[in-house]
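> Got a predicted structure here, sequence first:
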Amino acid sequence: MTPNQRKAAIAAYKERKTAGGIYAVLCRPLNRRWIGRTADLDKIQNRLWFTLRQGGCLNASLQAAWNTHGPDAFALEAVEKIDDEALGFVRERIFVERLVHWCEVHGAEAI
């Protein structure tokens, strides 16, 4: 890869659109959900699974379920995509409101 190609690839990566939103982690054996929010729905599963494998999840109940049932018992699903065009401070408020809403709907714990 030439230096110019590398610069173009980096620029394209920085300009890519990311879809943020609300996601749910489901533990099938427990039939339990944890709801979270993220700025990038495409990358959250990789990040969260890595944290859980390392034993570093800040949510103790999710980490305990992972330790008990293992990675094959879990699934991640996007619950709601949030408009990427919203301004930063407005977007954060929307994330919080929607997170609370989905936790209530599913009777789930927030991550």
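Structure's in. What do you need?
> so the spatially closest residue to Cys57 that is not a sequence neighbour is in which element?
In this structure, Cys57 finds its nearest non-sequential neighbour in Gln63, 4.1 Å apart by C-beta to C-beta, 6 or more residues apart in numbering. Every residue, glycine included, has its C-beta placed from N, CA and C. Assigning secondary structure by DSSP states H and E places Gln63 in helix 60-69.
> same deal with Glu80?
Going by DSSP H and E, Glu80 is in strand 74-82.
> what angle do that strand and helix 60-69 make?
140 degrees (axes from the mean of the first three to the mean of the last three C-alpha atoms, to 10 degrees).
> I'd say the residue nearest to Cys57 and Gln54 touch.
No: Gln63 is beyond contact range of Gln54, at 9.9 Å (criterion: C-beta atoms under 8 Å).
> quick one: which of these two has more around it?
Gln63 (16 against 9; other C-beta atoms under 10 Å).
> Against Gln5, how distant is Val79?
38 Å (C-beta to C-beta, to the nearest Å).
> Who has more neighbours out of those two?
Val79 (20 against 9).
> so what's that one closest to, chain neighbours aside?
Ile22 (4.5 Å).
> Please tell me how far the residue most central in space within the chain sits from Thr38.
The residue lying closest to the centre of the chain (C-alpha atoms, centre = their mean) is Ile44, at 3.8 Å. As judged by C-beta to C-beta, Ile44 and Thr38 stand 4 Å apart.
> what's the overlap in contacts for the two?
Common neighbours of Ile44 and Thr38, using C-beta atoms under 8 Å, 6 or more residues apart in numbering, are Tyr23.
> hmm, back to that, residues touching the residue nearest to Cys57, list them.
Counted by C-beta under 8 Å, 6+ apart, Gln63 has contacts 52, 55, 57.
> can you map out the helices along the protein?
3-15, 44-54, 60-69, 88-106 (DSSP state H).
> how about those in JSON lines, adding mean pLDDT and distance to Leu26?
Listed next are the helices of the chain as JSON lines, based on pLDDT from 0 to 100; distance: least, C-beta to C-beta, whole Å:
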{"stretch": "helix 3-15", "mean pLDDT": "81", "distance to Leu26": "31"}
{"stretch": "helix 44-54", "mean pLDDT": "97", "distance to Leu26": "12"}
{"stretch": "helix 60-69", "mean pLDDT": "97", "distance to Leu26": "10"}
{"stretch": "helix 88-106", "mean pLDDT": "88", "distance to Leu26": "9"}
